Each structure stands twice: as structure tokens, then as C-alpha cells.
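S.K.: got a predicted model here, sequence first, then my questions.
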Amino acid sequence: MLSCFRHTWALLAVTALIAAALPAQARRDVAQEQARTAPAWARDGLIYELNTRTFSATGNFAGVTARLGELKALGVSIVWLMPIHPLGQVKKKGTVGSPYAVQDYYGINPAYGTKEDFKRLVAEAHRQGLKVIMDIVANHTSWDNVMMRTPAYYRRDASGNVVSPYDWTDVAALDYSNPALRKYITDMLVHWVREYDVDGFRCDVAGEVPLDFWEQARTSLEQVKRDIFLLAEAERPNLLVRAFDADYGWAMYHAMTDVITRGRSARAVRETWEQERRTYPRGALHMRIADDHDEKRALALFGERGAMAATALIFTLDGIPLLYNGQEAGDATESRAPALFEALPVSWGSREIHPDVPRFHRGVIGLRAAHVALRQGSTTWLGNSDEERIVTFLRGDGTEQVLVAINLSSRPFAGTVEASGDWTEVTPGADAARAPGLPALSLEAWGFRAFRKPQSH
């Protein structure tokens, strides 16, 4: 989280403390409000996060543009580009420096290409029906950012020295009590939409920037592009009322990780989902994660079969699933700190080493694309005969129900699920002629199965 500048658990602790400090009535009020409605293309979407310098052999915009067709064929609909700006050199981390230490918000990293190259990338993505969102770091800049010419833009200590946020020594904290700073950042966001036609922003450390800034910035952005999409790197329920369309599903990621790697009860998945419903505004949308640039790579963390079980969960549970930079190929090249500050290309040859991984991803992506219930439907949890290891739930949209069963353990399962009726198995690669036999259910270790029946009225 927070662009690898601090550990995930530290972020979760801070988030929990902030939530606990809020008056109980304020928390209840947010949960009773309606979340803003994200654009249909985002609610139905599949986000692909890529690091321009590591995604292709050339490490530039041209390399990304050349592979947009592959992403489209995979089923991706939203391309999220990690920061594309020039990197700060003063106090930088690693050999290359962090993409989240931005030297000029209006500039483009020359190693990636020119402004024309970026325009070409966005235009080609749109031609293929893909949306493009940029990663924006609004909370802090590098120490050699051009904004340092205006010292009043930055936060200072009692002695008047510019300060870093937390212990992130390679960046300097911006001061949002300054109206001029707010205008600068808002104008910059509008610039990228107006001049380059980007479709939205993933907003780094969104919870550390004042909420009223984001709400005002959104109003300005919507005057340029009505269906703009804003993704908050945060877990703050109030962000989703008026400012952001979706946030990070970190709590679910960590519950899932604890189940797969530490033997925690699989009930934690359902309990975490229920906690989301109690604390977030109605209809809140979360990005579901099994792998991203702040975490240990999924294949390395979960193992091959465990990674596929995690992927099955994020693609069948409500929310917007995320794929990260070669995840679908079984890449395990480290990318969080300190690797984030180096140039470590994706190992696309992993597809040959882990052939089941790309096959599985194609299948589960296709399953989600084929069933509206998995993209937009309600979620109802089902009991089963071993809830310590197995999660079972229904997704329904009024026309169909899809029953999902996932084994989050390394031991096979043979038992029952609370389901009845005439079901058809739709598990990718399953024998369509095989009778499901529900409520009897079997799952191999880390196994995943899905079943469908028309919605009864």
C-alpha cells in the first residue's frame, strides 16, 4: 500500500485508529448513505495495472501500445498505468528511483517516450475499446519537483523545514491548507483529461489528502469528462460517498491471505465482507486484489495452486478485479520495495514454466465476462459442511444465479453445500455433461467450481 513506502500492516493500523477515533454516529451515517454510482464501464471492468518500465522488453510507451491487443484479448477493459512522470533524483531510493517520487506532474518520463507517444497509447487503447487510468501521487512530491520553487506548497515543521510524510524520506509532503496548491493539483488533473483524454485516475495515498479537495476536484473533472473514474488507494468509507467510485479491498486481501498462508478459518472471508457492508455506504465498490505492486507476488506468496484459488475468489466476488503486470503469466518477479526502485522486467517466459496459470486466468476471466451475475449481481453467502476451509456463495442478478465454491486449503474436500435445484456446472474446463450432484460437493486441494441456474421469480 501507499506505493511501498510503508508496510501494509502499518497502513491498516493507522486506518483502524482513524476509524476508531470517529464518533460512532458519524460512522453509522456513512454506512446509511448511498455510495456514488461508478460508470458502467468501471463496474463491469477488469483493471490491469502495469509498470511501463517493466511491462515490455523496450520498457516504454511503444512497448505498451504494441501489447494492448493482448490485454484486450485477455479480457482486460481498464489499463492502469503506474506513474509516468519524471522521477525525482534528490534523496531517491534504489538505482532508478521510485515512480511515486514525482519530479514534475506535467512532465513525462523521457525513458518512456514523448507526449505524442503517450497520446498515441491512449488513442490506440480507446480504438480497441479499452479505458486508460493514470496513477496520480497528490500527497507528496520528490525533493527536486518543480513545485519546490513555490515553498508555500509544502508542509513544514516548527523550524520551517519541509517535511516528509511519515518516514518516506525520498518525498516531501504537500500542504492542502494552501488554496493555491489545491488549484495547482486540480488544474493538473484536468490537464491530463483534457489534453490526453485519459479516463480517470488511481489516486495514491488518497486517504491522506483532504476529502473536500477530492470532492471539489471531481466536480472540475466531470466538467471535462462526465464518466470519469476515480480509484482511491485507501480504505475510508466516506471517500466513496461523493469523491471516489471505488477503493482498495485491502481487508479482504488480508483475510484471504491469512486463510491461505496462515491457516485462518475461511469464515474470515465472509466476516470481512459483512464488515464491509456494515461500515461502507450502500453499494460501495471495492477493487479486489490478489497481487499488486505493494504486495509479495501472488505466485511466490500463495504457491501456484493457492494463487489460482485467490484469483478465483477476486473474480467471482463482488467488486472490480485487478490483474498486475504479468500475474496472468505466472510471473513472480518481485516488484514491491526495494524492487520498486529498480528496473526488473516481467518474466513472460513464466508462461512455459507455469502453463496452468495463464490457462486458469483465461478461464476465470471468461467466466466473469459470460455472467452478468458475477459482475453486477448481489452476493448471498451459503453454508457448507466445512466452513473452516471452504467458501460458498451465490451471485444473482434477477435472471440467473451463479453458485461459487472455493477450497482455500491444501486438502481435498468432499461434503455438502446449502443448495438445491437444477444446476448446470459452468466451471472453466469442466465436463458440461457431468451432473453437478448438488448439494453434494467435492473440491480438489485449492479447487474452484461454479454452477449456474436461472433465477426463480
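M.R.: Done, it's in. This structure is a prediction, so every number in the text was calculated from the model and none was measured. Residues are numbered from 1 along each chain as shown.
S.K.: shaky segments in the protein?
M.R.: 1-28, 432-435, 457 (pLDDT under 70).
S.K.: how does it divide up, domain by domain?
M.R.: 2-370, 379-454 (automatic domain parsing).
S.K.: would you convert those into CSV that also reports mean neighbour count?
M.R.: In this view, the C-beta of every residue, glycine as well, is placed from N, C-alpha and C. As requested, those are exported to CSV (neighbours: other C-beta atoms under 10 Å):
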stretch, mean neighbour count
domain 2-370, 19
domain 379-454, 17
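S.K.: list the contacts of the residue sitting furthest away from the middle of the chain.
M.R.: Distance from the C-alpha centroid of the chain peaks at Ser159, with 39.0 Å (C-alpha atoms, centre = their mean). By C-beta atoms under 8 Å, 6 or more residues apart in numbering, Ser159 lies in contact with nothing.
S.K.: and it, its phi and psi?
M.R.: Here the main-chain torsion angles of Ser159 (degrees, to the nearest 10) amount to phi -90, psi 0.
S.K.: pretty sure Pro99 sits in a helix.
M.R.: No - secondary structure of Pro99, determined by DSSP: H, G, I helix; E, B strand; the rest coil: coil, with no helix assignment.
S.K.: which one is it nearest to, not counting chain neighbours?
M.R.: Spatial nearest neighbour of Pro99, excluding adjacent residues (C-beta to C-beta, 6 or more residues apart in numbering): Pro83 at 4.1 Å.
S.K.: surely the one you found touches His140?
M.R.: No - using C-beta atoms under 8 Å, Pro83 is not in contact with His140, being 12.0 Å away.
S.K.: can you pull out the helices in the stretch 1-150 of the chain?
M.R.: For the stretch 1-150 of the chain, applying DSSP state H, counting those that start in this stretch gives helices covering 8-21, 24-32, 40-43, 52-55, 61-66, 68-74, 115-127.
S.K.: which stretches of the stretch 301-450 of the chain form helices?
M.R.: All helices of the stretch 301-450 of the chain, identified by DSSP H, counting those that start in this stretch, fall at 350-353, 356-370, 372-376.
S.K.: and the last one, what's buried?
M.R.: By neighbour count, and taking 16 or more other C-beta atoms under 10 Å as the criterion, the buried residues in helix 372-376 are 372-375.
S.K.: which strands or helices does it pack on?
M.R.: helix 356-370, strand 390-396, strand 400-407 (3 or more C-beta pairs under 8 Å, 6 or more residues apart in numbering; DSSP states H and E).
S.K.: swap the cut-off to 6 Å and go again
M.R.: strand 390-396, strand 400-407 (3 or more C-beta pairs under 6 Å, 6 or more residues apart in numbering; DSSP states H and E).
S.K.: turn those strands into JSON lines, columns for distance to Phe61.
M.R.: JSON lines is the format used below for the helices and strands packed on helix 372-376 (distance: least, C-beta to C-beta, whole Å):
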{"stretch": "strand 390-396", "distance to Phe61": "37"}
{"stretch": "strand 400-407", "distance to Phe61": "38"}
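S.K.: of all the helices of the stretch 301-450 of the chain, which one is nearest Ala312?
M.R.: helix 356-370 (5.7 Å; C-beta to C-beta).
S.K.: who touches that closest one?
M.R.: Helix 356-370 has contacts (C-beta atoms under 6 Å, 6 or more residues apart in numbering) with 75, 308, 312, 315, 328-330, 351, 374, 428-429.
S.K.: nearest to Val90 among the residues you listed?
M.R.: Closest approach to Val90 among the contacts of helix 356-370 (C-beta to C-beta): Ala329, at 35.9 Å.
S.K.: so how far is Glu328 from the spatially closest residue to the closest one that is not a sequence neighbour?
M.R.: Nearest residue to Ala329, sequence neighbours excluded (C-beta to C-beta, 6+ apart): Arg351, at 4.6 Å. Separation of Arg351 from Glu328 (C-beta to C-beta, to the nearest Å): 9 Å.
S.K.: do the same with Gln223
M.R.: Gln223 is 37 Å from Glu328, by C-beta to C-beta.
S.K.: just to revisit the earlier point, Asp247 is nearest to which of the helices and strands packed on helix 372-376?
M.R.: strand 390-396 (20.8 Å).
S.K.: list the helices and strands the closest one packs on?
M.R.: Right, strand 390-396 is packed against helix 372-376, strand 378-381, strand 400-407 by 3+ C-beta pairs under 6 Å, 6+ apart.
S.K.: let's go with 10 Å and repeat that
M.R.: Judged by 3 or more C-beta pairs under 10 Å, 6 or more residues apart in numbering; DSSP states H and E, strand 390-396 is in contact with helix 267-279, helix 298-316, helix 372-376, strand 378-381, strand 400-407, strand 413-416, strand 440-443, strand 448-454.
S.K.: could you dump those into JSON lines and include distance to Asp356?
M.R.: Shown next, in JSON lines, are the helices and strands packed on strand 390-396 (distance: least, C-beta to C-beta, whole Å):
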{"stretch": "helix 267-279", "distance to Asp356": "23"}
{"stretch": "helix 298-316", "distance to Asp356": "7"}
{"stretch": "helix 372-376", "distance to Asp356": "21"}
{"stretch": "strand 378-381", "distance to Asp356": "28"}
{"stretch": "strand 400-407", "distance to Asp356": "16"}
{"stretch": "strand 413-416", "distance to Asp356": "20"}
{"stretch": "strand 440-443", "distance to Asp356": "16"}
{"stretch": "strand 448-454", "distance to Asp356": "12"}
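S.K.: no further queries at this time; thank you.
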